[in-house]
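Asks: sequence unknown, structure follows:
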């Protein structure tokens, strides 16, 4: 029998009443623009829902509003089995000035990254997290709770449990594998946490959380907030794709999709290298991405989900971004910053694209894939190869790279980059420290500020990255005739903080196709 729900906790410090009235209106209209920006706890049922939930709208006096799922769970509410809060896009206000706000952002980014979810007794603690951020654990706990109303470990526990809930509902993974993939050290701990928070055990959730007779197809649903210009996002990937590694499908009767081969190294999986493929199809009517992967990726699905969300920028908050950028870039409200599934691959692309056209850089990258990439079997003839890993390019000799047409300066940059990543000295993923990583990149031969900022924008997912020296950007902003166009571009960008990465994408989009687009980075 399911356990009785936990008693509801006293309310967190209340938001202004006007804010709650606006949230209730969004709840009544099921406005997808607010998905993930708040959750509604219903006191009469003990359940919390997304704003897009299809159940009958509860009475206003029965609603409590929370900015994060962790806050709702801390208050004693259980996630809705219909709207499934684990599918909602993440939401976090960005700051580039408030020191405490920046520290909380960094802590949340680290807690959100499944790569950092250590298994077993060595799981993350406040002390380890604080040490990585360079502050005391007491200070971190204090500012985290002051900003979000929950402790760092409460936040992490909610993220793990919601990830496990999605795997239980959408995949046929055994419960033991779900527990380990979600960062729990044992099935016993997983079962205990699940029962405590959700009032039922994982097996009951798997039974009760699916329609009668439904089978788990392995299709994971990832929600996003509209507007999202799917055609522009996929066109960006299409112009830069390496044959055999990526395949974009926009035309035809099927839904628009991005498919690619993937590789996850032992440092990410915690055991051995994992390779496979993924398919991300857009369901624009429901504002969702339907993700399917090879069976080989099932044990690391939390990492795959996080990387796909970053690659397609599914957690962007268009409302906040457009409030800053719409006046200058009115045609770009649906544009997202395309990310990367593999940070090392994107960094190599950035090096290849230095001071040459997209078409020329793509040609060089294609040669690299054909010469050094491994073959892989997939369901599609368009996907046949993996991008070469750091261990291979770290040992690449100048003659090999030179025969592909890669000039000596970029040869040295690629080899140095590969050696740094292969040795573990450089981590390229969304949870990495932005300042330290960009400084480490600029210390490598052949990599300057433009390349580091481009990597920060697409790999580190830093919304305020700004490659001030970009020639296409100068042209789009009309500052190419200035004595110092980089300085002029930086001065113009001050009004767009903290969303300058999105301003760069919108500025590039204003350039006419195809001639000017050929100058944009790879």
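Replies: Everything's here; your move. If you're wondering where the values come from, they're calculated on a predicted model, not measured in any experiment.

Asks: mind checking how far residue 142 is from residue 266?
Replies: As judged by C-beta to C-beta, to the nearest Å, residue 142 and residue 266 stand 36 Å apart. No exception for glycine: its C-beta is placed from N, CA and C like everyone else's.

Asks: neighbour count winner among the two?
Replies: Using other C-beta atoms under 10 Å, the more surrounded residue of residue 142 and residue 266 is residue 142, with 14 against 10.

Asks: next one: that one from residue 107, what distance?
Replies: Remark: distance between residue 142 and residue 107 (C-beta to C-beta) = 12 Å.

Asks: any idea which residue sits dead centre in the protein?
Replies: In the chain, the centroid-proximal residue (C-alpha atoms, centre = their mean) is residue 310; its distance is 2.3 Å.

Asks: hmm, it is touching residue 342, no?
Replies: No. Checked against C-beta atoms under 8 Å, the pair residue 310 and residue 342 is beyond contact range at 11.0 Å.

Asks: and the longest strand for this structure?
Replies: Of all the elements of type strand in the chain, the one with the most residues (DSSP state E) is strand 274-283.

Asks: what does that one contact?
Replies: Residues from elsewhere that reach strand 274-283 (C-beta atoms under 8 Å, 6 or more residues apart in numbering): 230, 254-264, 288-297, 299-300, 304, 308, 311-312, 341, 374, 376, 378-380, 383, 386.

Asks: one more pass at 6 Å, please.
Replies: 230, 255-259, 261-264, 289-294, 296-297, 300, 308, 378, 383 (C-beta atoms under 6 Å, 6 or more residues apart in numbering).

Asks: stretch 42-60 now?
Replies: So stretch 42-60 is contacted by 5, 24, 26-28, 30, 32, 34-35, 39-41, 62, 72, 77-78, 80, 82-83, 85, 88 (C-beta under 6 Å, 6+ apart).

Asks: wasn't residue 260 part of a strand?
Replies: Yes. Assignment of residue 260 by DSSP: H, G, I helix; E, B strand; the rest coil places it within a strand.

Asks: now do the contacts for it.
Replies: By C-beta under 6 Å, 6+ apart, residue 260 lies in contact with residue 246.

Asks: what do you get for the one 3 residues further on?
Replies: Contacts here follow C-beta under 6 Å, 6+ apart; on that basis residue 263 touches 275, 386.

Asks: please report phi then psi for it.
Replies: As for residue 263, its main-chain torsions (degrees, to the nearest 10) stand at phi -140, psi 130.

Asks: report pLDDT for it.
Replies: The score at residue 263 is 97. That number is its pLDDT.

Asks: please enumerate the strands of the stretch 251-400 of the chain.
Replies: Remark: strands assigned in the stretch 251-400 of the chain by DSSP state E, counting those that start in this stretch are 257-264, 274-283, 288-293.

Asks: quick one: closest of those to residue 405.
Replies: The closest of the strands of the stretch 251-400 of the chain to residue 405 is strand 257-264. By C-beta to C-beta, the value is 23.6 Å.

Asks: now the element after the particular helix or strand that has residue 413 in it, going C-ward?
Replies: Following DSSP states H and E, the helix or strand that holds residue 413 is helix 408-423. Under the assignment DSSP H and E, the closest C-terminal helix or strand after helix 408-423 is helix 434-442.

Asks: elements contacting that following helix?
Replies: Packing partners of helix 434-442 (3 or more C-beta pairs under 6 Å, 6 or more residues apart in numbering; DSSP states H and E): helix 449-458.
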